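Trainee: This is a predicted model, with the sequence first.
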Amino acid sequence: MKLVIIFGPQAVGKMTVGEELSEQTGLKLFHNHMTIDLVSNFFGYGSESGQRLVKLFRKEIFEEVAKSDLPGLIFTFVWAFNEQSDWDYISNVCDIFKKHNSEIYFVELEAEFSERLDRNKSPHRLECKPTKRNLEWSEKELISSAKKYRLNSLPGEIKEANYLRIDNTSLSPEEVAKIINSKFNL
């Protein structure tokens, strides 16, 4: 079992890279909005109930996948490095997979802010992520998150052996997935 965690700021390309990596490797993609958008039909993601349900659904899926005969999972996540709770969350996710002797890979994406603002409006993103369709709100949230959180790691901050950081500002999802697949031989 392999767990590939693709993380980075909003609209950096985590889902589209994950889709392409899934195509290239056969690993299943579990992008973070699969649970966010499900729960948002009932509760806002920022609400206590919304966050509890998102975490619960994800945990249950992680546990079932980790003990399954699937070859692996690609999970996308916006990691706020200045929030201990996000560090703890990633640690807990990894622990679920480590119990089943899974190999874990960390892929960090970064892109220029102007590129992320453009990607935030892409038709594919809006098709796959209903909560992002209110573009005025989505753009404001992207801008405010960039001010409030540190959404890319500092040099040397990620100490995992299977770690790769890619600036994908000018790279296609296919190119990024090939780089990941080549580096980790997925």
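Mentor: That came in fine, so what should we check first?
Trainee: The helix or strand hosting residue 166: which residues count as buried?
Mentor: According to DSSP states H and E, residue 166 maps onto strand 163-167. Buried residues in strand 163-167, counting neighbours by 16 or more other C-beta atoms under 10 Å, are found at 163-164, 166. Quick note: C-beta positions are derived from backbone N, CA and C, even for glycine.
Trainee: In CSV: the residues you listed, plus distance to residue 183 and pLDDT.
Mentor: Rendered in CSV, the data for the buried residues of strand 163-167 read as follows (distance: C-beta to C-beta, whole Å; pLDDT from 0 to 100):
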residue, distance to residue 183, pLDDT
163, 10, 98
164, 5, 98
166, 9, 98
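Trainee: Would you map the strands across the protein?
Mentor: 2-7, 28-30, 72-77, 103-110, 163-167 (DSSP state E).
Trainee: pull the CA atoms of the strand holding residue 166 into CSV?
Mentor: C-alpha atoms of strand 163-167 as CSV (Å, rounded to 0.1, in the frame of the first residue of the first chain):
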residue,chain,number,x,y,z
TYR,A,163,9.6,14.1,0.1
LEU,A,164,9.5,16.1,-3.1
ARG,A,165,8.8,19.8,-3.7
ILE,A,166,7.8,21.0,-7.1
ASP,A,167,7.2,24.5,-8.4
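Trainee: and that strand, how far out from the chain's middle?
Mentor: Here strand 163-167 is found 13 Å from its chain centre; the criterion is C-alpha atoms, centre = their mean, to the nearest Å.
Trainee: Residues in contact with it: which ones?
Mentor: If you take C-beta atoms under 8 Å, 6 or more residues apart in numbering as the criterion, strand 163-167 is touched by 105-111, 153, 158, 176, 179-180, 183-184.
Trainee: coming back round to it: adding distance to residue 53, write the strands of the chain out as a markdown table.
Mentor: Output for those, formatted as a markdown table (distance: least, C-beta to C-beta, whole Å):
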| stretch | distance to residue 53 |
| --- | --- |
| strand 2-7 | 21 |
| strand 28-30 | 16 |
| strand 72-77 | 17 |
| strand 103-110 | 25 |
| strand 163-167 | 30 |
